[in-house]
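Chemist: here is my input, please return the structure:
(5 chains)
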Amino acid sequence: MRENVVIRTVVRMAVPFIQLFALYVILHGGSSAGGGFQGGVIFASAFILLGIAFGIDEARQRIQEKAVVIASSLGVYIFAGIGLLCILFGGNFLGYAAIPLPFDPPEVRGLMTEAVEVGIGITVMAVMTSIFYDIASKREEE
Amino acid sequence: MAAVQSAMPVCAVLLPLSAAVLILLSRRHENVREGWTILAAVANFAIVLSILPQILAGNRVECTLIELLPGIDVALRVDAFGMIFALTASGLWVATSFYSIGYMRTLREHALTRYFFSFAVAIAAALGIAFSANLLTMFVFYEILTVSTYPLVVHTETEEARRAGRKYFAYLLFAGVSFLFSVVLTYYLTGTTDFAPGGFLAGTGPVLLQQILFVTFLIGFAKAAWMPMHGWLPSAMVAPTPVSALLHAVAVVKAGVFGIVRVVCFVYGLELTAEIGMSTLLAAIAAATIILGSLFALQQDNLKRRLAYSTISQLSYILLGVALLTPMGITGAMIHIPFHGFMKITLFFCAGALIATAGKEYISDMKGIGRQMPVTMLMFAIGAIGICGLPPVCGLITKWYLVLGAMQAHQLIAFLVIITSSVLNIFYFFPIIHTAFFEEPDDGEQGVREAPLFMLVPLVITGVGSLLLFLAPDLPFLRLVELAVGELVGVLP
Amino acid sequence: MKKWALFAVIVVGALLLWAEGDIPPFGDPEAPAYNHVAPRYIEQGAEETGSVNLVTGILADYRGFDTLGETTVIFTAGIAVLLLLRRGGRL
Amino acid sequence: MISAHFPVLVVVLPLIAAFTAFLAGWADRRYCYPIAAAAIAVQLAISLDILREVLAGGTVRYFLGNWPPPWGIEYVIDRLNAYVLVILLLLSLLCCIYSKRSIGREIDPEKTVGFYVVFLLLVAGVCGIAVTGDIFNLYVFLEISSIAAYTLVASGRRRKGLLAGFNYLIMGSVSAGFILLGIGHLYVATGTLNMADLARLLPALYDSTIIHTAFVFFIVGLSIKTAIFPLHIWLPDAYTQAPSAVSALISTVVSKMGVYATIRILFSVFTVGFIVDYLPIMEIFAWVAAFAIIAGSVLAIAQYDMKRMLAYSSVSQMGYIMLGIGIANSIAMTGGILHILNHALMKGCLFMVAGAIIYQTGLQNIDDFKGLAERTPCTCAIFFIAALSMIGIPPTVGFMSKWYLALGAVEAGQWIFVAVILASSLLNAVYFWRVFEYAYFRHADADLPAREKRELPATMLAPMIVLAAGCVLFFFFVSIPLAIIEPVVAALLGGA
Amino acid sequence: MIEEFLAAVIMRYNYYMAVIIMLVGLYAMIAKSNLIKKIIGLNIFQTAIFLFYISISDVEGGTAPILVPGADVVYVNPLPHVLILTAIVVAVSTTAVALALVIRIYESYGSIEEDELLELGSERP
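Modeler: As a prediction, this is how the structure comes out:
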């Protein structure tokens, strides 16, 4: 791809806003339209946009494998970890109310819902990015 | 009649099995391996003998292993009838073990570990059949017998052997399926499969179903080689001769006949068999097989094949005896199991000796062989005379009882069949003796000597045994038969 | 293949068209789907789960385990693509 | 008490192990195998405890998130679940152990990590299906295991595996779509997703076409997953082209899970009242199954590739299970459900044997098996036992299935089914005996160069021996599974 | 009679639309030889199922199930939304795996037409 300054500049400017919006969507899942899946995909779209603008192979090199591995595991860890935490505090799996926080049960539940959404968001973001780059990057013939 | 609990029947079945394992483990040392075979054979015979006094005293020896299904145990029970078969099989196994070693070593056969392994398993299965207390246990051992004898049939690994093996397996597996169906149906009708003298099937299910069941049972016992389910037996003669001798003249085919007798006497009961008209069917099949088997035997030039058809014919004596449904007939049938075993194994041993030492398989090649191998051919003559039913060999006793039975039942046709068949037997056996002793050998056929002692001694023993059984038939077989028939007759009308 | 496809489509189509006749009309407030489990979600959902967005509330709380499964599906897909496509590297 | 949470832990544990294996594998790919094996072993222990508890105290229920059904998701473990769960995990563990060395030749080394992660996810998926009491939850876990299965099938080095995986994926997705539609229709009609709740609500709606449609969608969808005869087309390629450990895994674990789901949907959601009394569905089912038994066996006879032959044999064996369920009297169903265990033992063992032969000699075509028994005596002996079991010759478990199915068919007066069951064992004998004859009673062609022969590693041999021993032992101790199965059957049929 | 029938159809037009789209997808999935087109068919099929689910949730005059405090409004059924969110994720995942497979197939066979692939067989050229 020929370098196109306009595109690259616009992308560079847009990416932080997309990421911010993604965070908003993730974190506001409980109180308005949104949630971890939606936010995670939006977040991934920022990386995908970077890839399209700067060349996929180049962008791929920048996204470290380590980060993808850790992020995708981290998200599900958060989710499952919260579930197990509930067991630890005497509830059933994912019975958020059991977690002893100084709030009313519904508030605890709401809070935990947000936490879970963050976990979902991280995994979705990492996996979507990873899938996109795996599929899109040109690989040498076998 | 008391039932004695004892582990001995289980030992009798497990001993050959453990011998099989030991054979497998010592596959690298042939003397050790064959030592196990002989040891197991002798020990096994001893175990069976140790049960004998109990049986002769009129008791039953029982042993229940585990409950397999509701109402069905894997259970062993030794009664007089089972004892007859077990005694025959385990006794002749001793002779055959020695003979096998001589025969296989003379011919330098391969894969002997597999051979002795399968042989031991087959004997275990035969004993299991003899001691089975119910149909399911019998079926289990039946299938084991089928599977374990297959490697013996295909032993030579030639294309012919494989074809024979396929035929063998196809027949017997089909029969096994039919047997299984019969067991299932019996269980469905009665909720049990335990053998009982006088049967337990009476009064259950419509007559048509019982008739169908009888036919599927008969097909299930294709091991009895009744026509037209006999096709596997002549082909199976490609097996090494000891296999033909013990398995296809004693263990396998007798297991089939044994099964039919068991079913007629201990599942249906004589009364029911007569009532649903199945004794006529059985008698017809048996009569046809006796005559046709003899006629087929006449046409064979291959000695083993002639013996095979002779076996087919002789087995149906037993079926005919049972079909007569009279005490004498059944006595003749049961006594024929050991007697025919002794005589036919002698004949096969002789045929094997001819193959192993003289390399002769065809009767037309055997001119004058009796002068070179006098002992072998003498024993052959004894066996042949016995099969024909002439004195002084034990075959006469069978014929005697069968004829008496036929008269008891007022069955002139059965009587005629037995007489005709005896004549046919003479026709197909005496030419062999004539060829062997009285024809001049072809040129350049000198230097054939007697078989090695490993083969000669067993065949002399079985041959002389056939003579002795004529002189003292109640030691112990006739006594056992009397017990068994007494058990059955006690419930006869 | 085309014939088979057409056959399958016709069978499935006929089945569905036949079935949809009994489905409650579009937007029917009397439909069972709206009246058995859903009312509790709508009436008490916000109170019980602390999420004003009922979808999120159900997603992450009432049926949170489905969502864990769902996340796992995504994760599985990620690993699957990685397993199938990536060559070299440490994974 | 932690044991109260076992129902959920049995599913969550492999999930967490999968994530952990992924992380650990990034550090060193040798960590993956022990993590996977340990996780599945612990799961097996947990499932045994669950089984014990279910046998002692009846059905175990677990409310996820403390939400009572039908609002939340509920786990319901009765004897059937526990029984299936133990079988699934046992086979998974054995396949996992077996895979340690067997995948070495079939999968690129750098793919080991992904392989074990996906393996664990598959196990998590099937466990989820086995314990859940919520149909949508069942769908989600079905998808986890399916996606994992597609991937594993395509993970080998053979390029045909890719196509097999793709076709499996397309068929699997259609099936999942149908199941999803079935769930949707049930939801439209009742407004609930909980199985017990559905079973309670459905009888009033039997006349509704929605229910009928939902039923058809479920049956077709599950039949594709289970590979019931005319819908089996994805199966032979998938089983043949997958790496051996995966063949063993999906032929036992994944297919059993499909069978379980079918039983669950038929008997616990629609219940006997619908499938036997209201519509004569089960009769049709039985006929289809009978056809599958024969067709699968006949097709198996026509194969020359060992794994392909086993694959068609699976089609036929699934028919056994379905026939038992289709005849729908207690004896036949006992046979069908018993065959879930038996088939898992036999077919797992046979696929492992096929893999071991490939590992040792590189041979896969039955024509090349001449004289194989001399080169691989152990493998062939194990094959012999498992094959006898498939034919149904005692003393092996295959006989027990045949016995119960035949007895059940006799009791139902369905003589044709009796004939089918008995005939199929003859057909089985034809194709297994061919292998046996080649391996034992033919000599290798003399002009072939002596191929390299490898020793079979203990990690491959041990699972095979365990399964073969199981084939024999469960003949004698068939009362153990029967003690579990008989109440299951009574409960499933009790709704009538 | 016809009017009733038409009314019945029109009252459920959403479901019939979903069915039609579903059939399009199903047909493409089975009949098309190109693997990518099969995947597209799969997606159409799945989307139709989503449509089916989403229309279950609708209630006359209903609004999105995000509570508006104090207002007296009818909310649509949130449960199908949740379910379909899951189903969408599953569909995306399936598509990703399918695409990955197609890429690998193209690499090793050089084609993505099913009939050609079947001819090419298993051995690498």
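
Chemist: in chain A, where's the longest helix?
Modeler: With DSSP state H setting the assignment, residue counts place helix A:105-136 as the longest helix in chain A.

Chemist: that one: which residues count as buried?
Modeler: If you call a residue buried by 16 or more other CB atoms under 10 Å in any protein chain shown, then helix A:105-136 has these buried ones: A:105-106, A:108-135. C-beta: built from backbone N, CA, C; applies to glycine.

Chemist: any low-confidence regions in chain C?
Modeler: In the predicted model of chain C, residues C:87-91 satisfy pLDDT under 70.

Chemist: and the stretch 201-350 of chain D, by the same measure?
Modeler: Answering for the stretch 201-350 of chain D: no residues sit below the bar, that is pLDDT under 70.

Chemist: tell me where it has helices.
Modeler: For the stretch 201-350 of chain D, the helices defined by DSSP state H, counting those that start in this stretch cover D:209-226, D:235-241, D:244-249, D:255-263, D:271-272, D:281-301, D:306-327, D:330-361.

Chemist: the fifth one packs against which elements?
Modeler: Read it as helix D:271-272. The contact analysis (3 or more CB pairs under 8 Å, 6 or more residues apart in numbering or on different chains; DSSP states H and E) places helix D:271-272 against no helix or strand.

Chemist: so where do the helices sit in the stretch 1-150 of chain B?
Modeler: With DSSP H, counting those that start in this stretch as the criterion, the stretch 1-150 of chain B has helices at B:8-25, B:30-56, B:80-106, B:112-131, B:135-153.

Chemist: can I get the ones you listed in TSV including mean neighbour count?
Modeler: TSV is the format used below for the helices of the stretch 1-150 of chain B (neighbours: other CB atoms under 10 Å in any protein chain shown):
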stretch	mean neighbour count
helix B:8-25	20
helix B:30-56	18
helix B:80-106	25
helix B:112-131	26
helix B:135-153	25
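
Chemist: and of these, who's closest to chain D?
Modeler: When the helices of the stretch 1-150 of chain B are compared by CB to the nearest CB, helix B:135-153 sits nearest chain D, at 4.2 Å.

Chemist: list, one by one, the residues from chain E near chain A.
Modeler: Proximity of chain E to chain A, by CB under 8 Å from any CB of the partner chain, involves residues E:64, E:66, E:85, E:89, E:96, E:99-100, E:103, E:107-108.

Chemist: then chain C?
Modeler: C:47-53, C:55-57, C:59-61, C:64-65, C:67-68, C:70-72, C:74-75, C:77-78, C:81-82, C:85-87, C:89-91.

Chemist: one more time with 7 Å, if that's ok
Modeler: With CB under 7 Å from any CB of the partner chain as the criterion, chain C meets chain A at residues C:47-53, C:56-57, C:59-61, C:64-65, C:67-68, C:71-72, C:74-75, C:77-78, C:81-82, C:85-87, C:89-91.

Chemist: in the lengthiest helix in chain E, what counts as buried?
Modeler: Using DSSP H to define each element, chain E has its longest helix at helix E:78-109. By neighbour count on 16+ other CB under 10 Å, the buried set for helix E:78-109 is E:78-105, E:108-109.

Chemist: surely C:Pro25 is in a helix?
Modeler: No: per DSSP: H, G, I helix; E, B strand; the rest coil, C:Pro25 lies outside any helix segment and is coil.

Chemist: where's the closest residue to it other than its chain neighbours relative to C:Gly21, distance?
Modeler: Among residues not flanking C:Pro25 along the chain, E:Met11 sits closest, at 3.7 Å (CB to CB, 6 or more residues apart in numbering or on different chains). Separation of E:Met11 from C:Gly21 (CB to CB, to the nearest Å): 10 Å.

Chemist: now do the longest helix of chain E: which elements does it pack against?
Modeler: Contacts defined by 3 or more CB pairs under 7 Å, 6 or more residues apart in numbering or on different chains; DSSP states H and E place helix E:78-109 against helix A:105-136, helix C:38-49, helix C:54-57, helix C:64-85, helix D:135-153, helix D:160-190, helix E:35-57, helix E:114-120.

Chemist: these: which one's closest to chain B?
Modeler: Using CB to the nearest CB, the nearest of these to chain B is helix D:160-190, at 32.8 Å.

Chemist: touching chain A at all, the closest one?
Modeler: No: Helix D:160-190 lies out of reach of chain A by CB under 7 Å from any CB, never closer than 11.9 Å.

Chemist: give me the phi and psi angles of the closest residue to chain A within the stretch 1-150 of chain B.
Modeler: Using CB to the nearest CB, the closest approach of the stretch 1-150 of chain B to chain A is made by B:Pro70 at 40.6 Å. The phi and psi torsions at B:Pro70 (degrees, to the nearest 10) take the values phi -60, psi 120.

Chemist: before we move on, the earlier item: just the helices of the stretch 201-350 of chain D: most buried one?
Modeler: helix D:244-249 (a mean of 30; mean count of other CB atoms under 10 Å in any protein chain shown).

Chemist: please list only the buried members of the residues of chain C next to chain A.
Modeler: With neighbours counted by 16+ other CB under 10 Å, those contain buried members at C:48-53, C:56-57, C:59-61, C:64-65, C:67-68, C:71-72, C:74-75, C:77-78, C:81-82, C:85-86, C:91.

Chemist: thanks a lot, catch you later.
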